[in-house]
Each structure stands twice: as structure tokens, then as C-alpha cells.
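[1] following is a predicted model, sequence given first.
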Amino acid sequence: MIKLLTPNFLNKYSTVILFPAITSCLLLFGIGLYYGLILSPEDYQQGKMVRVMYIHVPAAWMALGIYIFIGACSLLSIVWKIRIAYIMSVSAAPIGATFAAITLITGSLWGKPIWGTWWVWDARLTSMLILFLLYLAYIAVTRAGDDLYRAEKPAGIVALIGVINVPIVKFSVDLWNSLHQPASVIKSGGVSIDISMLTPLLIMFAAYILYFIALVIIRAKTIMLRLKKQVYISS
């Protein structure tokens with residue numbers, strides 16, 4: 001396991017992973033958008049606006065999942081001193097922040113015609129905003145100085161503290177009286193969304209995952225290359 005968590009392993013096998021990840025991502029994006037925006041039915045209450053869901057919901061899942069990924073990598077870097085885990089978490093943070101921003105923006109676009117307002121201080125919306133700010137805080141800590149490694153421990157602590165907010169985001173609609181609709185896919189009672197809407201939702205989610213895998217590998221390799229250049233120049 002430790003052998004897998006090394007820069008050499010990433011450099012060796014990243015090219016093998018990148019091409020199929022990028023091509024599959026583009027293919028699934030095309031299928032998902034066509035299925036979601038054209039073939040999927042309109043909602044009996046929300047009409048065509050329900051199609052924002054195919055961008056909004058997978059982005060929210062990714063924002064939560066990537067932060068868990070960052071928390072796990074931070075634990076590996078702090079406890080077991082696995083440096084590549086820290087590099088991966090630094091690489092993932094801007095991607096997760098982007099997905100969180102997409103969630104907030106598309107949620108506002110969806111909320112205006114349905115709720116009659118761009119924003120409310122609802123439990124789900126507020127906790128997602130906090131998640132976005134936690135991403136920004138993590139990024140700010142890692143970029144606070146010239147030495148990326150000096151921020152490894154404080155950034156990891158910020159990430160681990162922020163993990164507490166992830167279940168709050170997930171269960172906010174169940175714990176508090178929320179204007180936001182309850183979960184319809186990942187819930188204890190099973191899926192309550194029609195298969196004609198669930199299919200493009202899952203296709204878009206798979207496309208987002210492949211996009212994240214490709215981009216986080218590219219960013220990690222770029223960071224490692226920059227660090228090598230810094231060491232070479234300083235020596």
C-alpha cells in the first residue's frame with residue numbers, strides 16, 4: 001500500500017490512466033447532457049427548470065466527496081507522513097471549490113423560479129456555503145508562504161476540522177426544517193426518483209468523477225514538477 005502512495009507510482013501510471021479518463025469523461029458528458037437536457041421528461045411541477053438538477057446535484061456530490069478525499073489525504077500526510085497524499089489534497093482543493101461554487105450558483109438559478117428568491121439562509125444552502133469557505137480556507141493556508149511543505153500540517157488540521165461539516169451538509173434537510181427538498185437518491189428509504197431522471201443524473205456524476213481523476217492527476221504532476229524545479233534552483 002505504501003509503495004502505491006509514492007510520486008514514482010503516480011508518474012509511472014498516470015499516463016496510462018489519463019487518456020481513458022479524459023476520453024470517457026468527454027463521452028459521458030456528451031451522453032449525459034443530451035439525455036438530461038433533451039431526452040429526460042419535464043417535472044410536473046418545475047417544468048424544464050428541473051434539468052438544472054443534472055448539473056447541480058452531481059456537483060454537490062462531488063463537492064462533498066472531494067472534501068472527504070482531502071480529509072483522508074490529510075490524515076495520511078499528518079499521521080503516516082505520506083507526502084504524496086498532501087500533494088494530492090492540495091491538487092484536489094481548487095477542483096472541489098469549483099464544484100462547490102457550481103453547486104451554489106446553479107442552486108440559485110434553480111431556486112429563483114421555484115422559490116421566488118436567489119438565496120435563503122436555509123440549512124442546506126448555508127452549510128454548503130460553509131463548505132465552499134472551508135475549501136477557500138484550505139487553499140489560502142497552502143498558499144500562505146513560498147514553501148508548500150511548510151503548510152502541510154496546518155492545512156491538514158484545517159481539512160480535518162472541516163470534515164465535520166460534510167455530514168451536516170448531507171443530513172441538514174433531515175435534521176432541520178428545510179426549504180430545500182429532501183434527498184431523493186441517497187437516503188434510507190431507497191431511491192424515490194424516476195429512472196428516466198436517475199439515469200442522466202448518474203451518467204453526469206460518472207463524468208464528473210472521471211473529470212476529477214484526470215484533473216487531479218494533471219495538477220499533482222504539475223505541483224511535483226514545480227517543487228523539483230524549486231529544489232534544483234535552490235541547490
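    Nice, I can see it.
[2] where does this structure have low pLDDT?
    1-5, 186-190, 230-235 (pLDDT under 70).
[3] which stretches of this protein form helices?
    7-34, 53-79, 83-115, 123-142, 152-162, 165-175, 195-234 (DSSP state H).
[4] would you list the ones you listed in CSV and tack on distance to Ser40 and mean neighbour count?
    To be clear about C-beta, it is placed using only N, CA and C from the backbone, and glycine gets the same treatment. Formatted as CSV, the helices of the chain follow (distance: least, C-beta to C-beta, whole Å; neighbours: other C-beta atoms under 10 Å):
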stretch, distance to Ser40, mean neighbour count
helix 7-34, 10, 15
helix 53-79, 8, 21
helix 83-115, 15, 21
helix 123-142, 23, 20
helix 152-162, 34, 19
helix 165-175, 23, 17
helix 195-234, 5, 16
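[5] in a markdown table: those helices, plus distance to Ser184.
    Putting the helices of the chain into a markdown table (distance: least, C-beta to C-beta, whole Å) gives the following:
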| stretch | distance to Ser184 |
| --- | --- |
| helix 7-34 | 18 |
| helix 53-79 | 9 |
| helix 83-115 | 14 |
| helix 123-142 | 13 |
| helix 152-162 | 26 |
| helix 165-175 | 10 |
| helix 195-234 | 9 |
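[6] how about Ala101, what does it touch?
    Phe132 (C-beta atoms under 8 Å, 6 or more residues apart in numbering).
[7] could you point out which of the helices of the chain sits nearest Gln46?
    helix 83-115 (5.9 Å; C-beta to C-beta).
[8] brilliant, that's me finished.
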